[in-house]
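In: give me a 3D structure for the following:
(2 chains)
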Amino acid sequence: MLTETTLVPPSGGADKIRCDACPVMCYIKPGAAGACDRYANNNGELVRVDPHIVLERTVSHGGRLVPFQASGDWDGKIVQESDVFVTAIGAGTTYPDYKPAPFIVSSEVDGVDMVTVVTEGIFSYCGVKVKIDTDRYLGPEAATVRVQGEAVGHVTTSEYGSQMLSLGGVHHLTGGSKKEGRVTCDALMDLSNGKPVEMTIDGGATVVVEAGHPPIVNGVPEERMRVGCGSATIGMFAKQWLGKVDEVVVVDDHITGVLSEHQAGKLLDIPDTGIKMKGRRSTPGRYFQVAEPGTGWGGTNISDPLSVLGPFDPKTARPGLRMMMVSTTGEHAAYFELDEALKPIEKEIPADLKLSVERIQENCEPALCTVLFMGGAGGSLRSGVTENPVRLTRSVKDALTSVTCGGAPVYVWPGGGITFMVDVTQLPQGAFGYVPTPALVAPIEFTLRLSDYAALGGHMDHVRPLSSLRDNTELRQPPPQTTTRRA
Amino acid sequence: MTRLPQTGWLADGRRLHLQDGPIDLIVEASGTAIHVRAAYEAAIRQFTGLLDTLCDELPELRRAAHPDMCALQGCVARRMHAAVAPFAAASFITPMAAVAGAVAEGILDAMTASADLERAYVNNGGDIALHLTGDERFTVGLADDPGTPSLIGKTIIEARDPIRGIATSGWHGRSFSLGIADAVTVLARTASQADAAATIIANAVDLPGHPLIVRRPANEIQPDNDLGARLVTRGVGKLSHQKIAEALGAGICKAQELLAAGLIDGAALHLQGVTEVVGLKDIHSSVRLPRKETATGTKDMRHAAMACGNGIAGECVA
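Out: Sure, this is the predicted structure:
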C-alpha cells in the first residue's frame, strides 16, 4: 500500500510543496514532478502522475470505446471492470522514433490477447481543422490566418452555417521563420488542449477560437448558428407567417429569401408585393449578394436592412403593406409598413410575428468552435510499433488494427499512410504537448490482436501484460476538467 | 516502523519487481530453484530500508564529491562515492551520479552472497548490475532513451569479459544532464562505475551556446537537485549533421580518455539518429543515417576527434 502523503509547506516559498511519499522528501515546484516521476505538484496539490491513464472500457457491440469523460465519478485509480484501455497520454517518447514504443501492453479483450501499442507520436505533419459556427464574414477564402502576427494557416472553403480554418501543417511549423514555427506550434497545442486562441484573418475579422465554446468575432461572442439560408428559412416558416404579414425578407449573406416571390409563398397564394431586391436573382425569391459579407445582418455588412431594397414598384405595391425583415439567426428583425409614398416606415413588431422570430432563434443551434486535430503517423512513429512499418499501415486499412488518440475515436483517411482526425474535446485535458523541433506531440494507440501484432513484425519482446500497469504505481489521475467537454 | 517496498512478480512469473520511492528494480536470477529462491529473498531483504539509509545521508550525497576523502557511512553511499571519485578532481560531480548503478550493484551483491547463481542481473531503470559464470552471456540492447529498452544496437557480454555493469545516461532520462546526448550507454567493471562514467560522457556530448538547445537551471525544476543552479538540458532542436558530429566528437574524446584510464570498457553514444561507439570491437549498431549523410558525418567525426588532440591512440570508430 501507499504511504500516506501529506503536504508540508517549505519554509522558503509558498509555491513549492514537499512530498513525503518516500524518504527522499522532494521539494516539488508547481507543474513539476519529484525525483520519482510519480508524484507532482498540480497547482499546489500533490498528485500522482504515473505514466498512464487507464480508461474504463465497455465492450459493447463492436467493442467501441466509451468516451473518455463518460463516467463522471471515475477517480483515475481504480480499474473497476475487466476491460480497460490504456491511453498513450504521458507514455513518453523521444525524437526521432525508431525505437519500440515506450509501453506495449497486452490485455485480454473478448477472449483474444489484445495488444495496445501506446506511444506519444511526434507529428511534424499535423494541424487542426477549425469549424466556426457563424455566418459572419471572417475573411476571404485562402486568406492568411495569423496569431501574434505570424501566419499559422488560412481560411478554407466554408461549410453549411460555418466558416472553416485550416491551421498548422509542416509549412508553417518548420517551413517559415523560427518565430512562425514556434507561434504555430503554440497555437496548435493550445487549440488542441482546449484553450482559447485569438487569431486575425488578413482582410477579415479577429476571432477567438476555443474548442467547444462559441466563437468570439471582433469581440462579440457568437450565440447561434443560422437556422438555414434565407431561402430555407422562408420554406420553414412561410406557413406560420401566412395572414400575419404581407412580405418577409430573410437577410442572409449567402441566399436572401423573399416570401412573396419564393416557391413557398406561391404555393400559399401570397400575392406580389412590388418589392425590389438588390443583388443577383438566382431563382424566384432567392437572391445572391444582396450586400457585402460582414458582421451585420445575416452575415452581411449591413446594419440598415432597408439598404438591400430598391424602391417598391408603384404598380403593385400599396400603402399599408406589412413587411418583416429578419436575419437567418433571428438575431436581427424589423417590421415596416408602407406609407402613402410607398416608403417603408419601421414600427414595433406585432406580437405574433415576434413569436416567429423567436422560433427562428430557437431553431438555431448554439454556435460552437470545433477543433479537429489531424496528423499523419508517418515512417518513424510506426517503427516504434513494428519492425516493418508498412504492415501497420496495411493492418489499419484492413481494420485489423484500430487507431485511437488518447482513447478517443479517430477517423482514418483512406489512401496511403495513417492520417487521422480526432475531435480534441474527446481527449482528456492537456493531452497534447510539443517538442522544440517544433512539432506537436499527440497520444496515439494502436489496438490489435496479439497474433496479428506478431504477424506484422511487432516488438513481441516488449509486450507487457496489463497487470503490470494496473497496480497503482502506473496510473495517472487525469487533471480535473476545468472546461465543459462534450461527450 | 520501516516502510516496506513494493514487491511483485512481473507477469512472466520469472522476474522480480521491486519499487520504493524513485527506485524501480527488475531482478532475475538463474540457477537451481533453491538458490534462485534464496537470491530473491536476499534481494528483498537488502532492498527493505535501503532507501531510508540512503536518505539519511542525502545532504552529503548531494554535495560535490571529494576525490580522496569520503565521510559517508552507508554501504551503497560509499559505493556511490567510490564510483564518482575518479572524476571528482577534474569536474563537478556528486555521488548522486552513481546512485542507480550503486543500488543495483548492492542488491546483486546481496544475492550472490546468499546463493550460487549461474547468471543474474539487477536492472535499475536501465542501469544494470550483472553476474555471469561459465558459458553464460548477456545480450545488451542499446537504448537511445534511458527510460526505454531499445533496438538501436546490441552487444553480447560473456562471462570471460570483465564487464559487470551497464548504464545509460542522457537528457531524456529521469536524471538531469548537462549535455545533449539522447543516450550514452557505458559498459564498465561495475554498475556504479558505468553509471558515473555515462553521466560524465553524456555531459561531454554538448554544443555550448547553440541556440537550439534549451537549458534551465536544475534547481528551477527540482529545487533540491544536487546540480543546483547548473544549466541542464530540457530540449534539443533538430541539429545539422555537422553539429551532431561536433557534439558527438566531444563525447568521444571523453570516452576515449576514460577507456585509456581503465574506467570504462566501452561506450555507445547516441544523438539524433547517429550512433558512435568507442572501445567495443563487436558492438553492432542497427541504426544508420542514409548512406550519403553517413559519409559526411563520419568525416566530420574524425575531424572533431582529431581536433580535440588529447593524444589518445586510435581513431573514432565510424
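
In: excluding chain neighbours, what is closest to residue A:417?
Out: Of all residues not flanking residue A:417 in the chain, residue A:376 sits nearest, at 5.3 Å (Cβ to Cβ, 6 or more residues apart in numbering or on different chains). For the C-beta atoms, the positions are set from N, CA and C on the backbone; glycine is no exception.

In: for chain B, what is the nearest residue in chain A?
Out: residue A:22 (3.0 Å; Cβ to the nearest Cβ).

In: next, give phi and psi for that residue.
Out: Main-chain torsions, residue A:22, degrees, to the nearest 10: phi -150, psi 170.

In: re the thing from before, didn't the residue nearest to residue A:417 look like it was pressed against residue A:418?
Out: Yes - under the criterion of Cβ atoms under 8 Å, residue A:376 makes contact with residue A:418 at 6.7 Å.

In: between these two, which has more neighbouring residues?
Out: residue A:418 (24 against 18; other Cβ atoms under 10 Å in any protein chain shown).

In: do I have it right that that one meets residue A:402?
Out: No - with contacts counted by Cβ under 8 Å, residue A:418 stays clear of residue A:402, the gap being 11.5 Å.

In: which residues do those two both contact?
Out: residue A:396 (Cβ atoms under 8 Å, 6 or more residues apart in numbering or on different chains).

In: how far away is whatever residue of the stretch 1-150 of chain B ends up closest to chain A from residue A:133?
Out: Using Cβ to the nearest Cβ, residue B:21 is the residue of the stretch 1-150 of chain B that sits closest to chain A, at 3.0 Å. According to Cβ to Cβ, to the nearest Å, residue B:21 stands 50 Å off from residue A:133.

In: likewise for residue A:172?
Out: Note on residue A:172: its distance to residue A:133, by Cβ to Cβ, is 24 Å.

In: show the pLDDT at the spatially closest residue to residue B:181 that is not a sequence neighbour.
Out: Excluding its sequence neighbours, the residue lying closest to residue B:181 (Cβ to Cβ, 6+ apart) is residue B:205, at 3.8 Å. At residue B:205, the pLDDT value in this model is 96.

In: can you give me the strands in chain B?
Out: B:6-9, B:16-20, B:23-30, B:119-124, B:127-132, B:137-141, B:153-158, B:165-169, B:183-188, B:213-217, B:231-236, B:266-271, B:274-278, B:284-285 (DSSP state E).

In: mind putting those strands into a markdown table with mean pLDDT?
Out: As requested, those are exported to a markdown table (pLDDT from 0 to 100):
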| stretch | mean pLDDT |
| --- | --- |
| strand B:6-9 | 79 |
| strand B:16-20 | 86 |
| strand B:23-30 | 89 |
| strand B:119-124 | 90 |
| strand B:127-132 | 91 |
| strand B:137-141 | 76 |
| strand B:153-158 | 75 |
| strand B:165-169 | 88 |
| strand B:183-188 | 89 |
| strand B:213-217 | 91 |
| strand B:231-236 | 91 |
| strand B:266-271 | 89 |
| strand B:274-278 | 85 |
| strand B:284-285 | 46 |
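
In: as TSV, those strands with mean neighbour count and distance to residue A:360 would be great.
Out: What follows is the strands of chain B, written out as TSV (neighbours: other Cβ atoms under 10 Å in any protein chain shown; distance: least, Cβ to Cβ, whole Å):
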stretch	mean neighbour count	distance to residue A:360
strand B:6-9	15	63
strand B:16-20	21	63
strand B:23-30	21	62
strand B:119-124	24	68
strand B:127-132	26	69
strand B:137-141	16	66
strand B:153-158	18	68
strand B:165-169	31	66
strand B:183-188	32	63
strand B:213-217	17	54
strand B:231-236	20	52
strand B:266-271	28	63
strand B:274-278	25	64
strand B:284-285	15	69
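
In: tell me where the model's unsure across the chain.
Out: Defaulting to chain A. Residue ranges of chain A with pLDDT under 70: A:1-14, A:37-38, A:48-122, A:378-386, A:399, A:437, A:464-487.

In: that's the other chain; I wanted chain B
Out: Looking at chain B by pLDDT under 70, you get B:1-3, B:11-12, B:141-154, B:173-174, B:280-318.

In: mind listing the helices for the chain?
Out: I went with chain A, as the question did not name one. Using DSSP state H, the helices assigned to chain A run over residues A:170-174, A:178-192, A:230-241, A:263-267, A:351-362, A:379-383, A:389-397, A:450-455, A:467-470.

In: please refer instead to chain B.
Out: With DSSP H as the criterion, chain B has helices at B:33-47, B:50-56, B:58-61, B:75-88, B:99-114, B:191-204, B:218-221, B:241-260, B:291-308.

In: rewinding a little: can I assume the residue nearest to residue B:181 is in contact with residue B:171?
Out: No - contact between residue B:205 and residue B:171 fails when scored by Cβ under 8 Å: they sit 9.3 Å apart.

In: which neighbours do those two have in common?
Out: Common neighbours of residue B:205 and residue B:171, counting by Cβ under 8 Å, 6+ apart, are B:179-181.

In: ok so, going back, so which of residue A:172 and residue A:133 has more stuff around it?
Out: Shown here are residue A:172 and residue A:133; by other Cβ under 10 Å, residue A:172 has more neighbours (27 against 23).

In: any idea what the residue nearest to residue A:417 is bridged to?
Out: For residue A:376, the beta-bridge partners are residue A:419 (DSSP bridges).

In: please name the residues that touch it.
Out: By Cβ under 8 Å, 6+ apart, the contact set of residue A:376 is A:123, A:125-126, A:417-420.

In: can I get those in JSON lines including distance to residue A:148?
Out: Listed next are these as JSON lines, based on distance: Cβ to Cβ, whole Å:
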{"residue": "A:123", "distance to residue A:148": "22"}
{"residue": "A:125", "distance to residue A:148": "23"}
{"residue": "A:126", "distance to residue A:148": "20"}
{"residue": "A:417", "distance to residue A:148": "31"}
{"residue": "A:418", "distance to residue A:148": "32"}
{"residue": "A:419", "distance to residue A:148": "28"}
{"residue": "A:420", "distance to residue A:148": "29"}
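
In: tell me the one among the residues you listed nearest to residue B:105.
Out: Of all these, residue B:105 sits closest to residue A:123, with 40.9 Å by Cβ to Cβ.

In: residue contacts, the nearest residue to that closest one once chain neighbours are set aside?
Out: Nearest residue to residue A:123, sequence neighbours excluded (Cβ to Cβ, 6+ apart): residue A:375, at 3.9 Å. Residues near residue A:375 by Cβ under 8 Å, 6+ apart: A:121, A:123, A:125-127, A:419-420, A:440, A:442.

In: ok, and the most crowded of those?
Out: Neighbour max across those (other Cβ under 10 Å) = residue A:442, 29 neighbours.

In: that one and residue A:432 touch, don't they?
Out: Yes - between residue A:442 and residue A:432 there is a contact at 5.4 Å, judged by Cβ under 8 Å.

In: need the overlap of contacts for these two.
Out: Contacts common to residue A:442 and residue A:432, judged by Cβ under 8 Å, 6+ apart, are A:192, A:373.

In: so who does the residue lying closest to residue A:206 once chain neighbours are set aside touch?
Out: If the residues on either side of it in the chain are set aside, residue A:206 comes closest to residue A:200, at 4.7 Å by Cβ to Cβ, 6+ apart. The contact partners of residue A:200, by Cβ under 8 Å, 6+ apart, come to A:145-147, A:206-207.

In: so how far is residue A:217 from residue A:200?
Out: Separation of residue A:200 from residue A:217 (Cβ to Cβ): 11 Å.

In: gap between the nearest residue to residue A:235 once chain neighbours are set aside and residue A:286?
Out: Leaving aside its sequence neighbours, residue A:235 sits nearest to residue A:264 (Cβ to Cβ, 6+ apart; 4.9 Å). For residue A:264, the distance to residue A:286 equals 11 Å [Cβ to Cβ].

In: do residue B:256 as well
Out: 81 Å.

In: sounds good, over and out.
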